[in-house]
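Colleague: please find the sequence and the predicted model below.
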Amino acid sequence: MGAFEYRQAQEIRDTFQRHGVRYLFIGKSGAILLGFPDTTQDADLFVDRTTVNCRTLVPALRELGFALSDDQAQEVESGKDFVQLKNGPFDLDLVFAPDGIEHFEDAWNRRVEVEGFPVCHLDDIIASKAATNRQKDRESLPRLRAFRQYWLRHQ
Amino acid sequence: MSFVQAQQTMHGKVLDHDLGTEEIPQEWLDEFKAAARRPLKLRFRYAFIRTYKPVLDDAPFRAFDTMVAYRRWCEDNLPDWLGYGRV
């Protein structure tokens, strides 16, 4: 499997739109969509954990090429806090309850759209990383906060 | 899409209007400006890389009831050098 490509992000966007899945790019992949120059491996999606949304998510993921068994589909539908998919054309992390963000609706109302990609606001991405407080987040936060200054000045 | 265009399609409002007073290191500033000039497709090519992550990449599917359970699993199972441990 190669690195996540722009074409695959477009496939997520278009497929999820067709199925009516509500989601936001979050984490470093979200920051990259906003212009943050850094490297990462996976795409992270913050998915709205309503029953209806989780049900629409499963067929959308299957259409994208993720080989979900019925048991796995059930786990996605039940709205676990975190699902890690490595059984498709690219790696995908589904986050239903990111640290540092209380409600999906709040993040949705603050979202930024870049070429049709719904992306968490940089403040939410930073809040989430700060709350998670892993070693790798600690290392990326100073540069991310500096980028926030730059990004806001150029609006 | 430029940052200006991105902001024009921003929904809601900025959480914190404090733009900060700390000076951005010149090297980072140059990188931010260079990235802003690149189309998104090219930014993707530079940003997404693929390297094998031991343990983490060894299962096709994982689901965790809570983020706490996921963080604990990372700390208990992943090598420290991957950086998934909480500080």
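Modeller: That came in fine, so what should we check first? Residues are numbered from 1 along each chain as shown, chains lettered A, B, ... in the order given.
Colleague: scan chain A for its longest helix.
Modeller: With residue count as the measure and DSSP state H as the assignment, chain A has helix A:135-153 as its longest helix.
Colleague: CA atoms of it as PDB?
Modeller: In PDB, the C-alpha atoms belonging to helix A:135-153 read as follows (Å, rounded to 0.1, in the frame of the first residue of the first chain):
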ATOM      1  CA  GLN A 135       4.700  12.600  22.800                       C
ATOM      2  CA  LYS A 136       4.200  13.000  19.000                       C
ATOM      3  CA  ASP A 137       1.500  15.700  19.600                       C
ATOM      4  CA  ARG A 138       3.800  17.600  22.000                       C
ATOM      5  CA  GLU A 139       6.500  17.600  19.300                       C
ATOM      6  CA  SER A 140       4.200  18.900  16.600                       C
ATOM      7  CA  LEU A 141       2.200  21.500  18.700                       C
ATOM      8  CA  PRO A 142       4.700  24.400  18.700                       C
ATOM      9  CA  ARG A 143       4.900  24.400  14.900                       C
ATOM     10  CA  LEU A 144       1.200  23.900  14.600                       C
ATOM     11  CA  ARG A 145       0.600  26.900  16.900                       C
ATOM     12  CA  ALA A 146       3.000  29.000  14.800                       C
ATOM     13  CA  PHE A 147       1.100  28.000  11.700                       C
ATOM     14  CA  ARG A 148      -2.100  29.000  13.300                       C
ATOM     15  CA  GLN A 149      -0.700  32.500  13.800                       C
ATOM     16  CA  TYR A 150       0.300  32.700  10.100                       C
ATOM     17  CA  TRP A 151      -3.000  31.200   8.900                       C
ATOM     18  CA  LEU A 152      -5.200  33.600  10.900                       C
ATOM     19  CA  ARG A 153      -3.200  36.600   9.700                       C
END
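Colleague: what's next to it, contact-wise?
Modeller: Here helix A:135-153 makes contact (Cβ atoms under 8 Å, 6 or more residues apart in numbering or on different chains) with A:28, A:31, A:34-36, A:38, A:122-123, A:125-126, A:129-130, B:3, B:14, B:19-20, B:22, B:24-25, B:28-29, B:32, B:80, B:82-87. Yep, even glycine has a C-beta here, placed from its N, CA and C like the rest.
Colleague: among those residues, the buried ones, what's the ChimeraX command?
Modeller: Below is the selection syntax for ChimeraX that covers the buried ones among those, with 16 or more other Cβ atoms under 10 Å in any protein chain shown defining burial:
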select /A:28,31,34,35,36,122,123,125,126,129 /B:3,14,24,28,32,83,84,85
